[in-house]
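S.K.: Predicted model and sequence follow; I will ask about them next.
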Amino acid sequence: MSPRIVFHGENAACFSENFTSHVAGVGEVAVLPDVLSTETERRIYAEAEFIVGVKFDASLPTPKKLSLFHVPGAGYDAVDLSLLPDKTVVCNCFGHDPAIAEYVFAAMLSRHIPIQAADRKLRAGEWAYWSGALDRVHGEMSGKTVGLVGFGHIGKAIARRAKAFDMGVTVANRSRVEASDLVDRSFSLDELVQFWPTADFIVVSVPLTPSTRSIVDSAAFAVMKPDAVIFNVGRGPTIDEQALFDALRDKRIGGAVIDTWYDYPSANAPMKHPSSLPFHQLDNIVMTPHMSGWTNGTIRRRQRTIADNVNLRLEGGRCINVVRDEVRRS
């Protein structure tokens, strides 16, 4: 008898440990590789009732008994919803917002408080940043403004932390966000030309859709503050690749912190630069490998969400974070 739950791929496998302790009566769990290279692996996949995975396309067997397809993250752009059986509910996970907000503030703080540089210099006997002279001052976060492109889970988590630092918060969102204790000013996505100049730090966290692809373009960089720093913790192509490179190369903005990219490793090319453009040669960008939300806390929270949804399907309940419900055809 085949396992009822399949964790497909390296990413999904991270959520499989002790999974059955959170669900009742589902038997063993199968962990399958990203590439299903044997008939046994393909059969197990095809007979699964619950699949956790980051992609689904025509190269994979159709799991005709599938009750729930669960993406173990927020993005589901690699899942072809039209190919899944009508009775399959598709869900995603969040739970990464605390980790990403901490990443954003770690990078912001590092630009203003040069602890590592001060440590390195003092070990060599140089008293850089020593108090008492104007040419040795460093910056602070208080009074700066963070601009949030998108006000979902991540945007709200960043806004809460920004207020703890006495920062201003402006938001650009598909629907205008009301001013509140967290938000000082709000703009719709039709008002981006007014939004870009408002912030010292701009954080892009919107999902990748046709309307958000290249939402940050050369026109946006042209009106940002000359010392603005842009972050991407959403999806790489939400910032136009060439426009970002040109703005950094020409020093039209203060810098960038980029965690989500344009080119990713594959089994055939595990070592590669994250863009065809030489971002790695620039000195005003911090480059990280899509790591901002990948913490033990994120894994724990997402595993709980996946388990809760499996239990809900088993009990006939309504799942949370539904991307696509059962399709009912007349």
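M.R.: Nice, thanks for sending it over. Numbers count the residues shown, from 1 in each chain.
S.K.: helices or strands up against the helix ranked longest in the chain?
M.R.: What stands out as the longest helix in the chain, according to DSSP state H, is helix 296-315. Counting contacts by 3 or more CB pairs under 8 Å, 6 or more residues apart in numbering; DSSP states H and E, helix 296-315 packs against strand 50-53, strand 68-70, strand 89-91, helix 97-112. The C-beta positions use only the backbone N, C-alpha and C, and glycine is treated the same way.
S.K.: out of those, which comes closest to K225?
M.R.: Nearest of the helices and strands packed on helix 296-315 to K225, taken as CB to CB: helix 97-112 at 13.8 Å.
S.K.: Show me what that closest one packs onto, helices and strands only.
M.R.: Where contact means 3+ CB pairs under 8 Å, 6+ apart, helix 97-112 is packed against helix 153-164, strand 201-204, strand 229-232, strand 255-258, helix 296-315.
S.K.: Distance to A13 for those - can I get that in JSON lines?
M.R.: Converted to JSON lines, these look like this (distance: least, CB to CB, whole Å):
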{"stretch": "helix 153-164", "distance to A13": "24"}
{"stretch": "strand 201-204", "distance to A13": "29"}
{"stretch": "strand 229-232", "distance to A13": "27"}
{"stretch": "strand 255-258", "distance to A13": "27"}
{"stretch": "helix 296-315", "distance to A13": "11"}
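S.K.: I'd like the distance from the longest helix of the chain to the chain centre, please.
M.R.: In terms of CA atoms, centre = their mean, to the nearest Å, the centre of helix 296-315 is set 19 Å apart from its chain centre.
S.K.: Can you pull out the residues in contact with the helix or strand following that helix?
M.R.: Sequence-wise, the next helix or strand downstream of helix 296-315 (DSSP states H and E) is strand 322-324. Strand 322-324 is contacted by residues V71, Y76, V79, L81, L84, T88, V89, V90, C91, N92 when judged by CB atoms under 8 Å, 6 or more residues apart in numbering.
S.K.: So in that sheet, which strands flank strand 322-324, and in what orientation?
M.R.: If you go by DSSP bridges, strand 322-324 pairs up with strand 89-91 (antiparallel).
S.K.: Can you point out the buried residues in the partner strand?
M.R.: Buried residues in strand 89-91, defined by neighbour count with 16 or more other CB atoms under 10 Å: V89, V90, C91.
S.K.: Great, nothing more from me.
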